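Visitor: Sequence and predicted model, in that order:
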Amino acid sequence: MTDGNGQWEREIVARLATAALKEQRRARLWGIFFKLLTFAYVTLILIMAVDWQARTDLAGGKKHTALVELNGIIAPGADASAEKIMTGLQAAFKDKNTQGVILRINSPGGSPVQSQLIYDEMRRLRKKYPDTPLYVVVEDICASGGYFVASAADRIYVAKASIVGSIGVLMNGFGFTGLMDKLGVERRLITAGTSSSSAR
């Protein structure tokens with residue numbers, strides 16, 4: 001009877017010890033989990049604080065000169081489209097810390113309509129923000145539509161080797177009127193109906 005009671009007590013003690021060990025392990029795991037969670041939370045707060053500080057520095061930062069790039073052919077859908085250049089200029093002028101705007105041009109020209117849109121927007125922005133100067137800096141080439149755009153700026157700065165000029169549209173062709181007369185070539189147009197007309 002005594003041996004049976006001793007066996008029973010040993011089993012109870014073993015079970016209690018095992019349960020206590022499991023409880024300690026569980027408590028230790030939960031402790032580690034909460035420590036890691038707290039560490040992650042603190043790290044996230046620090047990252048957000050640093051990022052917020054950086055954004056605050058940029059938003060309320062120092063005065064600067066804005067740079068807008070016009071590279072390549074001025075055409076719809078291109079890198080130098082009126083939409084992209086106008087968006088860049090608007091953002092540059094809208095920034096309250098912008099002291100001046102530089103439009104850097106390296107373009108042989110392109111669409112007269114797109115060039116006109118950029119020119120008109122530059123003139124509008126200069127009237128809206130009279131205290132913010134607008135300068136053009138030319139790299140290799142600023143011809144045709146590129147020079148048309150540049151003419152809207154307060155000043156244009158170029159290098160000695162830059163190719164600048166030629167506002168307008170060029171269309172080359174050949175005329176054969178004298179040769180056609182010498183060869184006896186004439187235009188003949190046959191029309192039918194009272195509403196038809198011909199022009200020579």
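Guide: Cool, got the structure. Quick caveat, the model's predicted, so the values are computed rather than measured.

Visitor: Residue 139 - that's part of a strand, no?
Guide: Yes: assigned with DSSP: H, G, I helix; E, B strand; the rest coil, residue 139 falls within a strand.

Visitor: wait, it sits on residue 107?
Guide: No: in this structure residue 139 lies outside contact range of residue 107 using C-beta atoms under 8 Å: 9.2 Å. Placement of C-beta: from N, CA and C, glycine included.

Visitor: More neighbours: which of these two?
Guide: residue 107 (26 against 15; other C-beta atoms under 10 Å).

Visitor: Alpha carbons of whichever strand or helix holds residue 149, as CSV, please.
Guide: Element membership of residue 149, judged by DSSP states H and E, is helix 145-150. Output in CSV follows, covering the C-alpha atoms of helix 145-150 (Å, rounded to 0.1, in the frame of the first residue of the first chain):
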residue,chain,number,x,y,z
GLY,A,145,10.0,75.2,-82.5
GLY,A,146,12.6,75.0,-79.8
TYR,A,147,13.7,78.6,-80.4
PHE,A,148,10.0,79.6,-80.5
VAL,A,149,9.6,78.2,-77.0
ALA,A,150,12.8,79.8,-75.8
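
Visitor: Tell me the helices and strands packed up against the helix or strand following that helix.
Guide: Scanning forward in sequence from helix 145-150 by DSSP H and E, the next helix or strand is strand 155-157. Packing contacts for strand 155-157, counted by 3 or more C-beta pairs under 8 Å, 6 or more residues apart in numbering; DSSP states H and E, involve strand 134-143.

Visitor: So what are the sheet partners of the strand it packs on and their directions?
Guide: Here strand 134-143 is paired, per DSSP bridges, with strand 98-107 (parallel), strand 155-157 (parallel), strand 163-165 (parallel).

Visitor: Return the set of buried residues in it.
Guide: Using 16 or more other C-beta atoms under 10 Å as the burial criterion, the residues of strand 134-143 that qualify are 134, 135, 136, 137, 138, 141, 142, 143.

Visitor: what mean pLDDT would you report for the helix or strand where residue 179 lies?
Guide: Element membership for residue 179, per DSSP H and E: helix 177-183. For helix 177-183, mean pLDDT is 77.
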